[in-house]
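**Student:** Show me how the following folds:
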Amino acid sequence: MRSRRRFPTKSFSVRSYGCRASQSDGAAIAADLQRRGLETASGPADLVVINTCTVTSEADRDARQAIRRAHRENPEAEILVTGCYAQRHPTELADLPGVKWVIGNSHKTRIGTIVAEALVKPSAPVSQAAYHGEISLGGTLVGNIFDQKHFLSAPVVEAGPDRTRPNLKIQDGCGNRCSFCVIPSVRGASRSAPIGFVIEQVRMLSERYSEVVLTGINLGRWGRDLPEKPRLAHLLRMVLIETDVAKLRLSSIEPMDWTEELLELVATTPRLAKHVHIPLQSASDTVLRRMRRRYRARHYASRIEKARSLMPTASIGADVMVGFPGESDLEFEETRRFITEMPFTYLHVFSYSSRPGTEASEMADEPVKPVKKLRNRVLRELAAEKNLAFRSSLIGAAFDAVTLDQRAGGGSRALTDNYIPVRLPDQELAPGMPVRVRLSECNGSTTLARLA
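**Tutor:** Prediction:
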């Protein structure tokens, strides 16, 4: 293994926004910088890495605010911006005060090298941030470099000091072309980490953590681009055989990728968390067609019903979008009724946000703008009702869990195998401990438990 060049110690902080894959990327960047000799900042950092999301206009706004705040709090810090927003619109970010580098997703795994080279041989001050990515600051296309080697060069992922359940990204990119989504253009085509690479990382993480979350941009497509085209269920079996990880949890998987084999494996394997997250977006077939989603409501329902029949106490969640261009009252009602009838235990509800360059951004959406907030609230209230009913039905039941942290007012927090956050008011337990808990009380959004 090549030795890494060392340079005078500097401190850094990494702030990640967006999905679990982004959180995993941020942890990988932090681990790489640490291995190169930088220290995690306990106060103001010399280098601030802002790892951005761009899935909505609100995500873009949050990223810009984070950059301005970092510069305002510490004007001497060098700011490096990376992630999906950096890939989509580098010049917009390069113009913000304090930004020294803008590094797109396509070059994200080179951040450590780029920073190290700059610290060993500092360049003269420039008026505009240096950009490393698919499009140069001058607008010249330098080619699509979202290839396998850029994924594989990522360092071993760590959870960081504030996490007890590390996100391990095993797949990146997406080959779907949903009409509302900008992610394929900023993450590239689907790419999978080989089985040996995943096993190695899980083995190392399992030495420190009780639970590892496998994640990706389109996780269910793992393996389709590898020789012999293995499937996710095969990978899970190999990881469970070759490592001692106590618990594996799967993040979001598209409905068509929750196969019978995968559902039955999760249901029958104690070391796989009983937690199924299946993006829905809409339950109106006409809206799904406009979204260019690859399933219809009846297909989705069959996956949900199968999951519930196999796992009576599993958490079943979904992402739901309201206010998609042209969404009528009738189409929204189809979604509301579907959610009411299906065994969901939680929802992530969000309002449609137009993304420049997508097909949906060219659709007329004026008729639904005034009712987005109302529809969002209706589904959030429905989700809260279903979640409370689910948790209440499990009072007295015992589940495996992992401790998260200690509460300022006493006690601890934990997360159950089936994705229920609980409070242990009488226990002060170190984070990351595997425990067995019994649910004792539901008080609004809070679930109390005791050690079983």
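**Student:** Pretty sure residue 72 sits in a helix.
**Tutor:** Yes - assessed with DSSP: H, G, I helix; E, B strand; the rest coil, residue 72 lies in a helix.
**Student:** how much space between it and residue 445?
**Tutor:** From residue 72 over to residue 445 the distance is 34 Å, taken as Cβ to Cβ, to the nearest Å. All C-beta spots, glycine's among them, are computed from the backbone N, C-alpha and C.
**Student:** next one: residue 11
**Tutor:** Residue 11 is 37 Å from residue 445, by Cβ to Cβ.
**Student:** How about residue 18: what's its closest non-neighbour residue?
**Tutor:** residue 53 (2.7 Å; Cβ to Cβ, 6 or more residues apart in numbering).
**Student:** contacting residues for the one you found?
**Tutor:** Counting by Cβ atoms under 8 Å, 6 or more residues apart in numbering, residue 53 makes contact with 17-19, 22, 59, 62-63, 83-85.
**Student:** Just the pLDDT for it.
**Tutor:** We have a pLDDT of 93 for residue 53.
**Student:** Going along the chain, name the helices of the stretch 201-350 of the chain.
**Tutor:** Assigned by DSSP state H, counting those that start in this stretch, the stretch 201-350 of the chain shows helices spanning 232-242, 260-268, 285-291, 297-310, 329-341.
**Student:** on that earlier part again, between the contacts of residue 53, which sits nearest residue 313?
**Tutor:** For the contacts of residue 53, the closest approach to residue 313 (Cβ to Cβ) belongs to residue 19, at 26.3 Å.
**Student:** Give me the neighbour count for that closest one.
**Tutor:** Using other Cβ atoms under 10 Å, residue 19 has 21 neighbouring residues.
**Student:** any idea how far it is from residue 392?
**Tutor:** 30 Å.
**Student:** ok, residue 11 and residue 445, which is more surrounded?
**Tutor:** More crowded of residue 11 and residue 445, by other Cβ under 10 Å: residue 11, with 17 against 10.
**Student:** The more buried one contacts residue 48, correct?
**Tutor:** No - using Cβ atoms under 8 Å, residue 11 is not in contact with residue 48, being 9.8 Å away.
**Student:** Contacts only, for residue 433.
**Tutor:** 210, 402-403 are the contacts of residue 433 under Cβ under 8 Å, 6+ apart.
**Student:** Then residue 357?
**Tutor:** Contacts of residue 357 by Cβ under 8 Å, 6+ apart are 182, 185.
**Student:** Renumber starting at 702 from here on
**Tutor:** Got it, first residue is 702 now, which makes that one residue 1058.
**Student:** a helix runs through it, doesn't it?
**Tutor:** No - counting by three-state DSSP, residue 1058 is not found in a helix; it is coil.
**Student:** Can you read off the pLDDT for it?
**Tutor:** With respect to pLDDT, residue 1058 scores 87.
**Student:** next one: residue 845
**Tutor:** Looking at residue 845, its pLDDT reads 36.
**Student:** what's the answer for residue 729, then?
**Tutor:** Note on residue 729: pLDDT of 87.
**Student:** To which secondary structure element is it assigned?
**Tutor:** Element membership for residue 729, per DSSP states H and E: helix 721-736.
**Student:** Following that helix in sequence, what is the next regular element?
**Tutor:** Heading C-terminal from helix 721-736, the first helix or strand you meet, by DSSP H and E, is strand 740-741.
**Student:** Now for the residue lying closest to residue 711 once chain neighbours are set aside: which residues touch it?
**Tutor:** Once flanking residues are discounted, residue 711 sits nearest to residue 747: 4.1 Å by Cβ to Cβ, 6+ apart. Applying Cβ under 8 Å, 6+ apart, we find residue 747 in contact with 711-713, 777-779.
**Student:** contact partners of the strand or helix carrying residue 782?
**Tutor:** Using DSSP H and E, residue 782 maps to strand 779-784. Strand 779-784 has contacts (Cβ under 8 Å, 6+ apart) with 717-719, 723, 726, 730, 747-755, 764, 768, 771-772, 794, 797, 799-806, 809, 812, 816, 830.
**Student:** re earlier: which of the contacts of residue 747 has the largest number of neighbours?
**Tutor:** residue 713 (22 neighbours).
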